[in-house]
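Student: Model the following, please.
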Amino acid sequence: MTTAATSSGRDLPHPAREEIRLESVLHALSDPMRLQIVRELAADGRELSCSDFVLPVTKSTTTHHFRVLRESGVIRQVYRGTAKLNGLRTDDLDALFPGLLDRVLEAATRQAGRPAS
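Tutor: Numbering: from 1, shown residues only. Here you go, the predicted structure:
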């Protein structure tokens, strides 16, 4: 696993593009909280800090969800000052699995519009 260089000297491990596995990406996207994070990142279109997300789980559980997304290759996390910023790895995911992220996000939007069963 490679690491991303950061301006603060703190590095977080990220898989290189060629190390990203489909099953890891699908696992990461299968959790409703992680899918919500990805949907918010996609909707905003820029890097967001962890504190920009309001999730109905504890801080430690939120940290876990971000770690799963990062380690699967769905997001990139970098420190800027004291903030940890999160961004989708859209280019990497589209190169490896063309259209996958777009289709998952479209399906999640359709599902969110349906009445709960």
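
Student: which one is the residue sitting nearest the centre point of the chain nearest to, not counting chain neighbours?
Tutor: The centroid of the chain falls nearest to Ile75 when counting by CA atoms, centre = their mean (3.7 Å). Nearest residue to Ile75 in three dimensions, chain neighbours excluded: Leu69, at 4.5 Å (CB to CB, 6 or more residues apart in numbering). Backbone N, C-alpha and C define where each C-beta goes, glycine included.

Student: Packing partners of the helix or strand encompassing the one you found?
Tutor: Assigned by DSSP states H and E, Leu69 belongs to helix 59-72. Helix 59-72 is packed against strand 12-14, helix 22-29, helix 32-44, strand 75-80, strand 83-88, with contacts defined by 3 or more CB pairs under 8 Å, 6 or more residues apart in numbering; DSSP states H and E.

Student: Just put these in CSV and tack on mean pLDDT and distance to Val54.
Tutor: Output for these, formatted as CSV (pLDDT from 0 to 100; distance: least, CB to CB, whole Å):
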stretch, mean pLDDT, distance to Val54
strand 12-14, 92, 22
helix 22-29, 98, 20
helix 32-44, 95, 9
strand 75-80, 94, 17
strand 83-88, 95, 14
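
Student: Make a markdown table from those and add distance to Phe97 to it.
Tutor: Formatted as a markdown table, those follow (distance: least, CB to CB, whole Å):
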| stretch | distance to Phe97 |
| --- | --- |
| strand 12-14 | 17 |
| helix 22-29 | 6 |
| helix 32-44 | 14 |
| strand 75-80 | 15 |
| strand 83-88 | 13 |
